[in-house]
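Undergrad: Pasting a predicted model and its sequence here:
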Amino acid sequence: MRDGSSESGATWGMPHSLDGDIVRASWRRCISEYGLDRAQRRPIERVTSSAVRDLRERMEDILLQASPVVDSVRRIAADADHVLLLSNADGIVVNSFADSPGSLEVSRAGLETGSFWSEQRVGTNGIGTCLVSRQPITVFGRAHFNENFATFTCSAAPIFSPDGQVIAAFDISGRAVPGLGDGKFAQYFAREAASQISMMLFRKWHRDDCIVAVSPEADPMPMSAKALIATDESGCILGATQEALSYLGVPDLTDIGGRYVHDIWNVSFNDLRPLSKHSVRLAGPNGSSTFVTAFLPKKKPVSTPVRSTALTDEKKPRGQHAPARALDLVAGADPLMVQNVNLCRKIIDKDIPLLILGETGVGKDTLARALHAESKRADKPYVAVNCAAIPATLLASELFGYAPGTFTGAAKGGRTGKILASHGGTLFLDEIGDMPLDLQAHLLRVLEERTVTPLGSAETIPVDMKIVCATHRNLPDLIGKGQFRKDLYYRIRGAQIVLPSLKDRSDLPELIASIVRDEMGSDAGSVSFSTAVMDLFCRYPWPGNIRELRNVLRFVTSLHAGKKIEVEDLPDQILDFSRNSQPGCTIDPLRTGYQSIQVQVEERREPALPAPAPTPIGATLHESNEAAERRRIVEVLRANRWNVTEAANQLGISRATLHRKIRRYAITSPNNQD
């Protein structure tokens, strides 16, 4: 063997024809680190349907970018009777496509949505091994470590996030038929698809940065290059695709270390700026010729942003200083959300656990991240664990970690659990209601003693973290059914908040504007919605809440950018609702909060307000002052088209104070009247 090991592929029973470096290294891990048995028959592990749904929601941006790529490859896979699989970073298949009778048979054999293909659990396989090796791979027939999978051929490639982390795998698998090739054609398409998805994610993340396309030869279409480098206006390198790392002379993105373009090619970025979109021939570090093309970002609006509301604390364009803090961005202009945020700020740096309740998609994880971002722990880890998305057999080791040699298949050096990984920071336990009862007792002990004991170890390790839990389930009901511990419930319920569903929020227009800005950046000004669309948005119940709203807006702005979006442009589920419902409300024109961005609807006349009640004769001075204050608030709200933020600024009070006065005086927007 090239690595000097005394073991050989023949010793292990691996075919010499497939004795590749990646497969050989995987087999070695299976034997020496995981302790797996080649002949052991074990059923393919699967996660629940609800766990798959949750994983899809967490991967929504990846799946959206992957959608057109998947559509283009599905026909190719079907023609070869192969299935197409997309997995998350843990090897759990979140989407599968079987579009021919032969591929349906492969799918029924276990290569389907919800199946779990971690190399540590099932041995050498396409998905699991490509995730570990970070390389495209084909595992054909008996190259699978477990003999039970010797009838399959699996070709997979990793999908990378803009920061260089492996976040998913693209796999094309079928039956291994001798004499019909070794599956390399499938690896080609899997590799190209994964690379394209990674590149699309990279471009979206760096849409407000400068992009430098690199190629070994003059490219007539440099924007199609896979080797991309993102820089700021000074030429400081911010990121790079995997294909660009060799040009930078580094093996990993973390090795860039604040280098500049001139450190690589001895040319300043200012020299490339006038040649934007034109290919320039430069000498690389090793003397070879490299063709470089710089693309400058679209010019940002020059007007000064006024106070605005936003949906999440996701990445904002560099150099743009938002006036609101992370929790304010989550609160928007909804009174209940403002109250929730005020409570969060009161306990933010106190040793009080927080329990967040709400339907799926309302933003529980987003709120937890914002809480962490504003806390004194912001520079420490934020660790999120979805208790419903991890198989019950693995959840204990995920949370508590384990010592070396604890069980068969364990990593040789043991593993640090999520609880210990959150030390000093915030631990977010999502879907806590789905945690198995036996683990609830262990978690309670951790929370009470502030120590964690890895599985298979007698050592207790002190741990300090902020605990935030969330669930969409009714925990008191689960307690009554014996499915959740009462003592744990009261331990995690130090403070409790309920996030409203989207249909119950009062700031839908501002949320829409915020999401459009977040999705389209400086291109948001090209988006407009007809009055009929806005009225329909107002009536639609949004069962998927903010997550569904974001997906709908992402869909329509991607397919219909540059035109006024009409009802017929909306997704099917909203069109179906429109056909079966009657108009029941109106909505004011949409405001973005940025003077230079025009995300708008057709002009319409505002509904008339009911005349204010006259001050009763004989009213006290206090009552007269209150009546005058109410009239003034209504006057300013109407002048600002019921934008609470702008009205509060004009009145010289905080938004929270204005919300309290609105409730106190029973002031109702004409758009919310029956």
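TA: Yep, it's here. Predicted model, so just to flag it, every value in this text is computed and none were measured. Numbers count the residues shown, from 1 in each chain.

Undergrad: any idea whether Ala156 is helix, strand or coil?
TA: Three-state call for Ala156 (DSSP: H, G, I helix; E, B strand; the rest coil): strand.

Undergrad: Can you get me a residue count around it?
TA: Counted with other CB atoms under 10 Å, residues neighbouring Ala156 total 30. C-beta here means a position set from N, CA and C on the backbone, and glycine is covered the same way.

Undergrad: does it really touch Ala169, like I thought?
TA: Yes. Look at Ala156 against Ala169 with CB atoms under 8 Å: they come within range, at 5.0 Å.

Undergrad: hey, what's in contact with both of the two?
TA: 85, 126-127, 130 (CB atoms under 8 Å, 6 or more residues apart in numbering).

Undergrad: with those residues in mind, which one is nearest to His560?
TA: The shortest approach to His560 among those belongs to Leu85, at 30.8 Å (CB to CB).

Undergrad: so is the closest one in a helix, a strand, or just coil?
TA: Assignment for Leu85 (three-state DSSP): strand.

Undergrad: What sits closest to it if chain neighbours are left out?
TA: Distances taken as CB to CB, 6 or more residues apart in numbering place Asp171 nearest to Leu85, at 4.1 Å, with adjacent residues excluded.

Undergrad: Confirm the one you found sits in a helix?
TA: No. Secondary structure of Asp171 (three-state DSSP): strand, not part of a helix.

Undergrad: mind starting the numbering at 169 from now?
TA: Sure, I'll start numbering at 169, so the last one becomes Asp339.

Undergrad: which residues does it bridge with?
TA: Assessed by DSSP bridges, Asp339 has beta-bridge partners Leu253, Ala324.

Undergrad: quick one: pLDDT of it?
TA: We have a pLDDT of 96 for Asp339.

Undergrad: how near is Leu369 to Pro326?
TA: Going from Leu369 to Pro326 by CB to CB, to the nearest Å gives 12 Å.

Undergrad: Looking at these two, which one has more neighbours?
TA: Pro326 (27 against 22).

Undergrad: Quick one, grab the pLDDT at the spatially closest residue to that one that is not a sequence neighbour.
TA: Closest residue in space to Pro326, ignoring its immediate chain neighbours: Val334 at 4.6 Å, by CB to CB, 6+ apart. Looking at Val334, its pLDDT reads 92.

Undergrad: Can you verify my assumption that Val334 contacts Arg302?
TA: Yes. Between Val334 and Arg302 there is a contact under CB under 8 Å: 5.7 Å.

Undergrad: Now list whatever residues contact both of the two.
TA: Counting by CB under 8 Å, 6+ apart, the residues touching both Val334 and Arg302 are Pro326.

Undergrad: Which one's more surrounded, these two?
TA: Per other CB under 10 Å, whichever of Val334 and Arg302 has more neighbours is Val334, with 18 against 15.

Undergrad: Just list the residues touching the more buried one, thanks.
TA: Val334 touches 257, 299, 302, 326-328, counting by CB under 8 Å, 6+ apart.

Undergrad: List just the nearest of those to Pro384.
TA: Phe328 (21.0 Å).

Undergrad: which residues of the stretch 469-618 of the chain score low on pLDDT?
TA: 469-492, 573-581 (pLDDT under 70).

Undergrad: Helices of that one, residue ranges please.
TA: Counting by DSSP state H, counting those that start in this stretch, the stretch 469-618 of the chain has helices at residues 494-499, 503-515, 532-542, 560-568, 586-589, 605-617.

Undergrad: Output those as JSON lines; include the columns mean neighbour count and distance to Ile199.
TA: Shown next, in JSON lines, are the helices of the stretch 469-618 of the chain (neighbours: other CB atoms under 10 Å; distance: least, CB to CB, whole Å):
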{"stretch": "helix 494-499", "mean neighbour count": "24", "distance to Ile199": "47"}
{"stretch": "helix 503-515", "mean neighbour count": "18", "distance to Ile199": "50"}
{"stretch": "helix 532-542", "mean neighbour count": "22", "distance to Ile199": "39"}
{"stretch": "helix 560-568", "mean neighbour count": "19", "distance to Ile199": "20"}
{"stretch": "helix 586-589", "mean neighbour count": "21", "distance to Ile199": "28"}
{"stretch": "helix 605-617", "mean neighbour count": "16", "distance to Ile199": "30"}
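
Undergrad: Any idea which of the ones you listed gets closest to Ala358?
TA: Evaluated over the helices of the stretch 469-618 of the chain, closeness to Ala358 peaks at helix 560-568, with 26.0 Å, by CB to CB.

Undergrad: so the closest one versus helix 605-617, what angle?
TA: Relative orientation of helix 560-568 and helix 605-617, computed by axes from the mean of the first three to the mean of the last three CA atoms, to 10 degrees: 10 degrees.

Undergrad: Can you work out which other helices and strands pack against helix 560-568?
TA: Here helix 560-568 touches helix 586-589, helix 605-617, going by 3 or more CB pairs under 8 Å, 6 or more residues apart in numbering; DSSP states H and E.

Undergrad: Quick one, which of those gets closest to Ser746.
TA: Taking the helices and strands packed on helix 560-568 one by one with CB to CB, helix 586-589 is closest: 43.7 Å.

Undergrad: contacting residues around the closest one?
TA: 549, 551, 553, 566-569, 595, 614, 620, 622, 629, 631, 633.

Undergrad: and the gap between the residue nearest to Gly294 when sequence neighbours are not counted and Asn314?
TA: Take Gly294 and drop its neighbours on the chain: the residue closest to it by CB to CB, 6+ apart is Cys322, 2.9 Å away. Distance of Cys322 to Asn314, computed by CB to CB: 12 Å.

Undergrad: Now do the shared contacts for the two.
TA: Common contacts of Cys322 and Asn314, defined by CB under 8 Å, 6+ apart, comprise Asn293.

Undergrad: So between these two, which is more surrounded?
TA: Each of Cys322 and Asn314 has its neighbours counted (other CB under 10 Å); Cys322 has more, 33 against 19.

Undergrad: Contacts only, for that one.
TA: Counting by CB under 8 Å, 6+ apart, Cys322 makes contact with 279, 293-295, 306-308, 312, 339-341, 351.

Undergrad: how near is it to Ala234?
TA: As judged by CB to CB, Cys322 and Ala234 stand 18 Å apart.

Undergrad: follow-up on the earlier one: so the residue nearest to Leu253 sits against Ile295, correct?
TA: Yes. Using CB under 8 Å, Asp339 is in contact with Ile295, at 5.1 Å.

Undergrad: Thanks a lot, see you next time.
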